[in-house]
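**Q** heads up, no residue letters with this:
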């Protein structure tokens, strides 16, 4: 994983205030991302794209964007520096390629494509065009997640034995694109699982093996509503994640166990209004607990601003998206083989 702050070389300077174009007007973009973007002082919303022009116009009016489009090529010519791609999963691939080929830096939702072959091409084209491809693995940007990462890096927990992550919510089938395989690529594993795999890699490092189960425990549809897996880290111990679309009252948390201590992070997965809690329990010290209520989306946007304005390598790269997808594909292949 590349985590250097080394500056990249680009052919043209980026202005000191980023002009954003947003592609995709779903619930997350409207109710989470765009309100946070308006709070970022070094960013300006300029253009909105949707395949539904009426929807694009309504969102542009709501958030003060100058332009609205239902043509992606025209949208890219509307004096924007950065494209945030928040469309359905199946649109990410061609939208990233088009944005890269006209020199726009890109923030893309995850999963960034439907398969690893597409992602490899996206990374290649972005490098050829000297544009930055950044992935919105949002949970990495929370200050208490960053603090946990610092404790691990400083060997405060000692040798990492295990890392567990649970993220369970209720999403019922219907018109939601996540249950349409041609649009999403798969079910809960592609959505919540990609996020948990990314956090396991963020804390534990490279994953070299995985054993998993996928099923439809509650909702019967074309995609799974449950996945559970155990992974083996290259340099640490083991990781575990449990994710589902079928639970109404779940306790979502991350727990990291080391030889010299442990830590847990609660209430930062999918819960907007609760304070996140970090619990640290180290050998020879009293247990400590920290609470923080914050807008992690705003922290993410500020990181994007810094990355794009200073031409730095991002915290979440296209390569991260590729590594996460390779693990997802391995799980899917394994579970399909066992099912048959």
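**A** Sure thing, it's come through. Remember, predicted model here, so these are calculated numbers, not experimental data.
**Q** now the strands for the stretch 51-200 of the chain?
**A** Ranges of strands in the stretch 51-200 of the chain, per DSSP state E, counting those that start in this stretch, are 67-69, 82-85, 105-108, 133-135, 160-168.
**Q** make CSV out of the ones you listed and add mean neighbour count, distance to residue 316 and mean pLDDT.
**A** C-beta here means a position set from N, CA and C on the backbone, and glycine is covered the same way. Formatted as CSV, these follow (neighbours: other CB atoms under 10 Å; distance: least, CB to CB, whole Å; pLDDT from 0 to 100):
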stretch, mean neighbour count, distance to residue 316, mean pLDDT
strand 67-69, 21, 27, 98
strand 82-85, 24, 14, 98
strand 105-108, 25, 9, 98
strand 133-135, 26, 4, 97
strand 160-168, 20, 17, 97
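**Q** any chance of these in TSV, plus distance to residue 16?
**A** Putting the strands of the stretch 51-200 of the chain into TSV (distance: least, CB to CB, whole Å) gives the following:
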stretch	distance to residue 16
strand 67-69	21
strand 82-85	13
strand 105-108	14
strand 133-135	19
strand 160-168	37
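**Q** quick one, which of those strands is nearest to residue 279?
**A** With CB to CB as the criterion, residue 279 lies closest to strand 160-168 of those, at 13.9 Å.
**Q** which strands and helices lie in contact with that closest one?
**A** Secondary-structure packing of strand 160-168 (3 or more CB pairs under 8 Å, 6 or more residues apart in numbering; DSSP states H and E): helix 194-204, strand 238-244, strand 253-258.
**Q** which one of those lies nearest to residue 324?
**A** Residue 324 lies closest to helix 194-204 among those, at 4.9 Å (CB to CB).
**Q** got the angle for that closest one vs strand 160-168?
**A** Here the directions of helix 194-204 and strand 160-168 differ by 160 degrees (axes from the mean of the first three to the mean of the last three CA atoms, to 10 degrees).
**Q** what residues does helix 194-204 touch?
**A** For helix 194-204, contacts defined as CB atoms under 8 Å, 6 or more residues apart in numbering pick out 1, 110-111, 137-140, 145, 148-149, 152, 160, 163, 165, 167, 207, 231, 233, 236-237, 239, 241, 243, 254, 256, 269, 316, 320, 323-325, 327-328.
**Q** whichever of the residues you listed end up buried, select them in ChimeraX.
**A** The ChimeraX selection below is limited to those of these classed as buried (16 or more other CB atoms under 10 Å):
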select :110,111,137,138,139,140,145,148,152,160,163,165,167,207,231,233,236,239,241,243,254,256,269,316,320,323,324,325,327,328
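**Q** what's the closest of the strands of the stretch 51-200 of the chain to residue 18?
**A** Ranking those by proximity to residue 18 (CB to CB) places strand 82-85 first, at 5.2 Å.
**Q** what sits against the closest residue to residue 297 other than its chain neighbours?
**A** With sequence-adjacent residues excluded and distances taken as CB to CB, 6 or more residues apart in numbering, residue 297 is closest to residue 36, at 3.9 Å. Going by CB under 8 Å, 6+ apart, residue 36 touches 295, 297-298, 301.
**Q** can you confirm residue 36 is in a helix?
**A** Yes: membership of residue 36 in a helix is supported by DSSP: H, G, I helix; E, B strand; the rest coil.
**Q** please tell me how far it sits from residue 63.
**A** Note on residue 36: its distance to residue 63, by CB to CB, to the nearest Å, is 11 Å.
**Q** which of the contacts of residue 36 count as buried?
**A** Neighbour-count burial (16+ other CB under 10 Å) is assigned, among the contacts of residue 36, to 297-298, 301.
**Q** for the protein, which segments count as helices?
**A** For the chain, the helices defined by DSSP state H occupy 27-28, 34-37, 53-63, 72-76, 89-101, 116-128, 143-153, 181-184, 188, 194-204, 296-309, 318-339.
**Q** mind putting the ones you listed into JSON lines with distance to residue 279?
**A** Converted to JSON lines, the helices of the chain look like this (distance: least, CB to CB, whole Å):
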{"stretch": "helix 27-28", "distance to residue 279": "29"}
{"stretch": "helix 34-37", "distance to residue 279": "27"}
{"stretch": "helix 53-63", "distance to residue 279": "37"}
{"stretch": "helix 72-76", "distance to residue 279": "45"}
{"stretch": "helix 89-101", "distance to residue 279": "34"}
{"stretch": "helix 116-128", "distance to residue 279": "35"}
{"stretch": "helix 143-153", "distance to residue 279": "10"}
{"stretch": "helix 181-184", "distance to residue 279": "34"}
{"stretch": "helix 188", "distance to residue 279": "27"}
{"stretch": "helix 194-204", "distance to residue 279": "15"}
{"stretch": "helix 296-309", "distance to residue 279": "18"}
{"stretch": "helix 318-339", "distance to residue 279": "27"}
